[in-house]
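> only geometry, no sequence info:
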């Protein structure tokens, strides 16, 4: 069983920054593909960013490219999302997710590819 716990959300003004963290249990964190997703009220959960196992390739949604950076610390079993130049439309609950399948090739960006999820952390950007 893999457990994920997000932290770092909060209220910030437009143009500000936040850094989300996701602490992950499990002895083989470095072998997981990891992703960040978000869900705004009344909308479906959407892909934000993902990073391959062992700090491999990264992928980003077009809406966050150039503003958000995903990273991981395999020694500390922690995933990060640095969010800069935040906009009101970034307001959502942010979830981290783990793809633990050894058969996954590329870094996935769909929700169904991720087997484990955190409880989410609220990010609110005021205008």
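Yep, that arrived. In this text the structure is predicted, and so the values were computed from the model without any measurement.
> pLDDT score assigned to the residue nearest the centre of the chain?
In the chain, the residue lying closest to the centroid (CA atoms, centre = their mean) is residue 36, at 2.0 Å. Residue 36 is assigned 98 on the pLDDT scale.
> Just to check, it is in contact with residue 81?
Yes: contact criterion CB atoms under 8 Å: residue 36 and residue 81 qualify, at 4.9 Å. Where you see a C-beta, it was placed from the backbone N, CA and C, and this is true even at glycine.
> residues shared between the contacts of the two?
Jointly contacting residue 36 and residue 81 under the rule CB atoms under 8 Å, 6 or more residues apart in numbering are 20, 22, 48, 49, 70, 94, 96.
> Of those, which is the most crowded?
Among these, the one with the most neighbours (other CB atoms under 10 Å) is residue 96, at 29 neighbours.
> Neighbours of residue 56, how many?
12.
> Contact partners for it?
Residue 56 neighbours (CB under 8 Å, 6+ apart): residue 107.
> Quick check: it is in a strand.
No: using DSSP: H, G, I helix; E, B strand; the rest coil, the secondary structure at residue 56 is coil, not a strand.
> Next one, pLDDT for it please.
Value for residue 56, per-residue pLDDT: 76.
> what does stretch 9-22 contact?
So stretch 9-22 is in contact with 4-8, 34, 36, 78-88, 94, 96, 118, 121-127, going by CB under 8 Å, 6+ apart.
> Likewise for stretch 60-79?
So stretch 60-79 is contacted by 21-26, 29-30, 34, 36, 46-51, 54-55, 58, 80-86, 89-90, 96, 109 (CB under 8 Å, 6+ apart).
> low pLDDT regions in the chain?
55 (pLDDT under 70).
> buried sites along stretch 5-21?
6, 8, 9, 12, 18, 20, 21 (16 or more other CB atoms under 10 Å).
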